[in-house]
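J.: sharing a model prediction with you, sequence too.
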Amino acid sequence: MSIYEKFGVRTIINVSGASTRVGGALMVPEIVQAMVEAAQHSVSMTELQAAASRAIAKATSAEAGYVTAGASAGLSLGTAAILAGLDLGKMERLPDTAGMKNEFIISREHRSGYDHAIRLAGAKLVEVGMNELLADAGVRRTEAWEYEAAITDKTAGIAFAVTAGGVPPIEDVVRVAHRHGLPVLVDAAGQLPPIGNLRRFIEAGADLVAFSGGKAIRGPQSSGILCGRREYIASAALQNLDMDEFFDIWEPPEEFIPKSSIAGIPRHGIGRGFKVSKEEVVGLLTGLELFAQGKYAPDYRQMRRHLEYIADGLSGLPVEPRVITPEEGPPVMHLVLDTKALGRSAFQVSQEMKKGNPGIFVQERLLRQHTLIVNPLNLNDARAQALTHRVREVLTSR
Ligand SMILES: *Cc1c(COP(=O)(O)O)cnc(C)c1O
């Protein structure tokens, strides 16, 4: 009996990718093993995060880094760090930012449900740009001067979400921000691979960058990375770690938390609820090492084989499988449904697949275009076979 059966839950085949609602990426055995070992010894969490900082700095070219409870928590901690710096009084007050510099400028095109993470720390978002393309009312997108025009004496920083084909380039936004002494906080949660993106945004001048640990890094689903300027990472740590210590005898590694720059220890900060366990820190660091060394690259070829196997298995049905292979990173497959021949919409097909045995959860972003997306991240031979069988069943049923 599997551990999930024991608790009365069916397992499913997740081909939607690293989506949180279906459990994210499956962890690779090396990471699971590392977490099992980590669970069997005690460590000082401050010393462990200081070591994580060194490892993340090396992988990302940032000054320092921190293991967060996901990219979303990283954005909240990063915002809190920018709002409070090393000011203990401000740390104590967050998320109340009355009277403080508390505005973050953000492009309308970068807004999403995830910017709740930024507002959570007490920041107010100030939007720039227009959605003219979506409104069918123009040809231009957000431009760098619009950020500059929105800067006031209340501006605390600029929030930037990396997107495919996004404009303006991050370098232009960094230039505007730094001209006014403002930091740039970057949401790069889903921007791995390519491996080069570990360094890309820091090298472009970003002050803080958040990545997910439970997506392409294949670490614990509730882990992430915040990397960037040393002082902000120290502030994030002070607002996240358990701070119930006596200042006089407290000895954090000075290059991680500069005790000499603060007058005392803050009480539990706004980030205390985003606790990360020692097992998660070790799991994330193990995944980061594997990912950064390119150890996942051979899996991309294996993923392609799984997708081609599924495509072959669906021949003769009212569906056109299209395998798409990027230059670097995992392939995906689009299943373009002939909804007329099927007599059902892509929404209905996807819903039927979820309900069956095994339940199959595809990526649904293109359902309106009659297309199911199959992300092979979590496939193995047995799952590819079971999926092919079940999809055939659904597409041939009446
Ligand atoms: C996944 C994602 C997040 C959240 O990341 P978690 O690690 O799940 O907290 C934030 N922003 C974007 C753009 C994402 O894709």
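T.: Good, I have the coordinates.

J.: for the stretch 51-200 of the chain, give the residue positioned nearest to the ligand.
T.: The stretch 51-200 of the chain approaches the ligand most closely through residue 70 (2.8 Å), counting by Cβ to the nearest ligand atom. (C-beta placed from N, C-alpha, C; glycine too.)

J.: surely that residue touches residue 224?
T.: Yes - assessed by Cβ atoms under 8 Å, residue 70 is found in contact with residue 224 at 4.3 Å.

J.: list residues touching both of these two?
T.: Common neighbours of residue 70 and residue 224, counting by Cβ atoms under 8 Å, 6 or more residues apart in numbering, are 212, 213, 214.

J.: so the first one sits right up against residue 187, yeah?
T.: No - counting by Cβ under 8 Å, residue 187 is not a contact partner of residue 212; they are 9.8 Å apart.

J.: returning to what we had before: go back to the shared contacts of residue 70 and residue 224 and keep what's next to the ligand.
T.: Contacts with the ligand within the shared contacts of residue 70 and residue 224, as defined by Cβ under 6 Å from any ligand atom: 212, 214.

J.: which of the shared contacts of residue 70 and residue 224 tops the neighbour count?
T.: Greatest neighbour count in the shared contacts of residue 70 and residue 224, by other Cβ atoms under 10 Å, goes to residue 213: 34 neighbours.

J.: residues in contact with that residue?
T.: Counted by Cβ under 8 Å, 6+ apart, residue 213 has contacts 67, 70-71, 219-221, 223-225, 280, 283-284, 287-288.

J.: joint contacts of residue 212 and residue 187?
T.: Contacts common to residue 212 and residue 187, judged by Cβ under 8 Å, 6+ apart, are residue 71.

J.: before we move on, back to that, neighbour count winner among residue 70 and residue 224?
T.: The residue with more neighbours, out of residue 70 and residue 224, is residue 224; 30 against 27, by other Cβ under 10 Å.

J.: right, and the helix or strand after the helix or strand containing residue 78?
T.: Per DSSP states H and E, residue 78 falls inside helix 71-84. Next helix or strand after helix 71-84 toward the C-terminus (DSSP H and E): helix 88-93.

J.: residues in contact with that following helix?
T.: The contact list for helix 88-93 (Cβ under 8 Å, 6+ apart) reads 80, 83-84, 100, 235, 238-239, 262-264, 266-267, 269-270.

J.: cool, and stretch 34-45?
T.: Contacts of stretch 34-45 (Cβ under 8 Å, 6+ apart): 27, 220, 241, 242, 278, 279, 280, 281, 282, 283, 286.

J.: how far is the worst-scoring helix or strand of the chain on mean pLDDT from where the chain is centred?
T.: Lowest on mean pLDDT, DSSP states H and E among the helices and strands of the chain sits helix 132-135, with a mean of 90. Taking Cα atoms, centre = their mean, to the nearest Å, the mean C-alpha location of helix 132-135 is offset from the chain mean by 27 Å.

J.: restrict the helix or strand that comes right after that helix to CA atoms and write it as CSV.
T.: Sequence order places helix 144-150 as the next helix or strand after helix 132-135, per DSSP H and E. What follows is helix 144-150, C-alpha atoms only, in CSV (Å, rounded to 0.1, in the frame of the first residue of the first chain):
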residue,chain,number,x,y,z
ALA,A,144,11.4,52.6,-19.4
TRP,A,145,10.6,56.3,-19.2
GLU,A,146,7.2,55.4,-17.6
TYR,A,147,8.9,53.9,-14.6
GLU,A,148,11.0,57.0,-14.2
ALA,A,149,8.0,59.3,-14.5
ALA,A,150,6.3,57.4,-11.7
